[in-house]
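>>> turn this into a model:
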Amino acid sequence: MARTLDQKLAILSDAAKYDASCASSGGAKRDSRDGKGIGSVTGSGICHAYAPDGRCISLLKILMTNFCIYDCAYCVNRVSSNVERARFSPEEVVHLTLEFYRRNYIEGLFLSSGIIKSPDDTMADMVRIARMLREEHGFRGYIHLKTIPDADQRLIEEAGRYADRLSINVELPTDAAVKDFAPEKSPDRIRRAMADVRVLKEASKDKTASGKRPPKFAPAGQSTQMIVGADGANDATILKTSTRLYSSYNLKRVYYSAFSPIPDSSAILPLVKPPLIREHRLYQADWLMRFYGFEAGEITAGRGDGNLDLEVDPKLAWALGNRHLFPVEVNRAGKEVLLRVPGFGTKTVTRLLAIRRHRTVRYEDLMRMGANLKHARPFISLPGWSPRALTDSLDLRARFAPPPEQMSLF
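Residues are numbered from 1 along each chain as shown. Next comes the predicted model:
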């Protein structure tokens, strides 16, 4: 059955919602205000997804196709899944990207794909799309390509010359889970592909013997996506895997995608469906590890099962479990300690330290800085405020946890 371009867009933009995309922070700064080319990318962080209901969220986010030769048990587009299929030609993707940009719907393209024919054939088409946009149409907007680890390295290298960011999915938190649920994929090949991207990225920064830099390669770096909840991995395992990925491949971001059982997949229906709040808590914990000095083990130590507390955010949960370290004397504590105070963000701590060089910080100063004092009050002490017995109050956690809800009986 032949489909119209609009029908393909409806199917493949909806299918792309299962791919976690990343912000264009770090992209090369290009614009067309000089009269050359079309499009622009500012390098600033932008939200990007294209909703099937017509709402534009900055990037056109689509699959090139949702046909796939693989049968990954957790993927809605696996070969044995009974879903409506469609496929764009490279020319159609280019046309859509340019037309959406001209209508001011988007600032760039996020492109992923199922595997058709072979990894090399699929990757070659994705590279062709990026090359056509850059070279034939002078497109200077943001391009993110979800690359295929089994593809030839030369195709990955070419993709990095045209795309701002590349990403390769690690799929699941452990090698054992990948082998169980995606036996056609190899964790070793995935890691080799990610290592190749890192090497190519680092090589692009080195000057040649003539003093010239080689062509830029994926200036916004690489990221990855991990499905959470399809296997039995707890949050401690997931976060420790993320820590290794960040350090091994110099990733810009690990994206967590909450798994939902596929209706016609009897093989994995018995698995527990994680709520979206778990995905949200993992992002919060990931942020604490990257910018606040926390380690995966201490964030997940509060519960015996190695999972995050779903009722309160990870930083608050850690503070509640380590009350012997509080209250913190705001005018004496070091930066590392202040960053662990609930309600204190990195900007608040920076401002606080700056004021402290000249005078004593008072409670009123924290109010002006924008600190979340509802969370911070039980854990700090400074002129104008003392928590007294609040820090050790038995009902302190109840002050932050959502109230219990009456479940419906019908």
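
>>> how about the strands of the stretch 1-150 of the chain, start to end?
For the stretch 1-150 of the chain, the strands defined by DSSP state E, counting those that start in this stretch occupy 49-50, 56-63, 106-112, 142-146.

>>> least confident of the ones you listed, on average?
Among the strands of the stretch 1-150 of the chain, strand 49-50 has the lowest mean pLDDT, at a mean of 40.

>>> can you redo the strands of the stretch 1-150 of the chain as TSV with distance to Leu288 and mean neighbour count?
Quick note: C-beta positions are derived from backbone N, CA and C, even for glycine. Output for those, formatted as TSV (distance: least, C-beta to C-beta, whole Å; neighbours: other C-beta atoms under 10 Å):
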stretch	distance to Leu288	mean neighbour count
strand 49-50	25	22
strand 56-63	26	23
strand 106-112	27	26
strand 142-146	25	27
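
>>> using TSV, lay out those together with distance to Ala163.
Formatted as TSV, the strands of the stretch 1-150 of the chain follow (distance: least, C-beta to C-beta, whole Å):
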stretch	distance to Ala163
strand 49-50	18
strand 56-63	13
strand 106-112	9
strand 142-146	4
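
>>> any weak-confidence spans in the chain?
Along the chain, segments meeting pLDDT under 70 span 1, 20-57, 207-211, 261-275, 404-410.

>>> that older thread, for Ser81, find the nearest of the strands of the stretch 1-150 of the chain.
Taking C-beta to C-beta, strand 56-63 is the member of the strands of the stretch 1-150 of the chain nearest to Ser81, at 13.6 Å.

>>> now the closest one, how far from the chain's geometric center?
A distance of 15 Å separates the centroid of the chain from that of strand 56-63, by C-alpha atoms, centre = their mean, to the nearest Å.

>>> do stretch 79-94 as well
24 Å.

>>> contacts for it next, please.
Outside stretch 79-94, the residues within contact range by C-beta atoms under 8 Å, 6 or more residues apart in numbering are 3, 5, 7-8, 11-12, 15, 62, 64-71, 75-77, 96, 109, 111, 116, 125, 128-129, 132-133, 136-137, 262, 264-265.

>>> endpoint to endpoint, that stretch covers what distance?
One end of stretch 79-94 to the other measures 26 Å (C-alpha to C-alpha, to the nearest Å).

>>> on that earlier part again, so of the contacts of stretch 79-94, which ones are in helices?
Applying DSSP state H to the contacts of stretch 79-94, the entries found in helices are Leu5, Gln7, Lys8, Ile11, Leu12, Ala15, Leu96, Asp125, Arg128, Ile129.

>>> and those residues, which of them are buried?
Lys8, Ile11, Leu12, Ala15, Leu96, Asp125, Arg128, Ile129 (16 or more other C-beta atoms under 10 Å).

>>> how is the protein carved up into domains?
5-272, 314-400 (automatic domain parsing).

>>> of all the ones you listed, which lies closest to Glu295?
Among these, domain 5-272 sits nearest to Glu295 (C-beta to C-beta), with 7.7 Å.

>>> any buried residues in stretch 276-291, and which?
Counting neighbours by 16+ other C-beta under 10 Å, one finds that the buried residues in stretch 276-291 are Arg278, Glu279, Arg281, Leu282, Gln284, Ala285, Asp286, Leu288, Met289.

>>> could you do stretch 186-200 as well?
Ser186, Pro187, Ile190, Arg191, Ala193, Met194, Asp196, Val197, Arg198, Leu200.

>>> make TSV out of those residues and add distance to Thr350 and secondary structure.
Below are the buried residues of stretch 186-200 laid out as TSV (distance: C-beta to C-beta, whole Å; DSSP: H, G, I helix; E, B strand; the rest coil):
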residue	distance to Thr350	secondary structure
Ser186	44	coil
Pro187	40	helix
Ile190	38	helix
Arg191	36	helix
Ala193	38	helix
Met194	33	helix
Asp196	37	helix
Val197	33	helix
Arg198	30	helix
Leu200	35	helix
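
>>> closest one to Asp19 out of those residues, please.
Ile190 (15.8 Å).

>>> in contact with the closest one, which residues?
Here Ile190 is in contact with Pro149, Ile168, Asn169, Val170, Glu171, Val178 (criterion: C-beta under 8 Å, 6+ apart).

>>> in which helix or strand would I find Asp365?
Taking DSSP states H and E as the criterion, Asp365 maps to helix 363-369.

>>> give me the buried positions along that helix.
So for helix 363-369, counting by 16+ other C-beta under 10 Å, buried means Tyr363, Asp365, Leu366, Met369.

>>> what does stretch 339-359 give?
339-345, 348-349, 351-352, 355-356.

>>> closest one to Val312 out of those residues, please.
Using C-beta to C-beta, the buried residues of stretch 339-359 come closest to Val312 at Pro342, 9.1 Å.

>>> now the helices for the stretch 301-410 of the chain?
Remark: helices assigned in the stretch 301-410 of the chain by DSSP state H, counting those that start in this stretch are 314-321, 335-338, 346-356, 363-369, 373-376, 396-400.

>>> for the ones you listed, which one sits closest to Ala236?
Nearest of those to Ala236, taken as C-beta to C-beta: helix 314-321 at 11.7 Å.

>>> for Asp313, which non-adjacent residue is spatially closest?
The spatially closest residue to Asp313, leaving aside those adjacent along the chain, is Gln284, at 5.3 Å (C-beta to C-beta, 6 or more residues apart in numbering).

>>> how near is the one you found to Tyr256?
11 Å (C-beta to C-beta, to the nearest Å).

>>> swap in Gly232?
Taken as C-beta to C-beta, the span from Gly232 to Tyr256 is 16 Å.

>>> of these two, who's got more company?
Between Gly232 and Tyr256, Tyr256 has the larger neighbour count (other C-beta atoms under 10 Å), namely 24 against 12.
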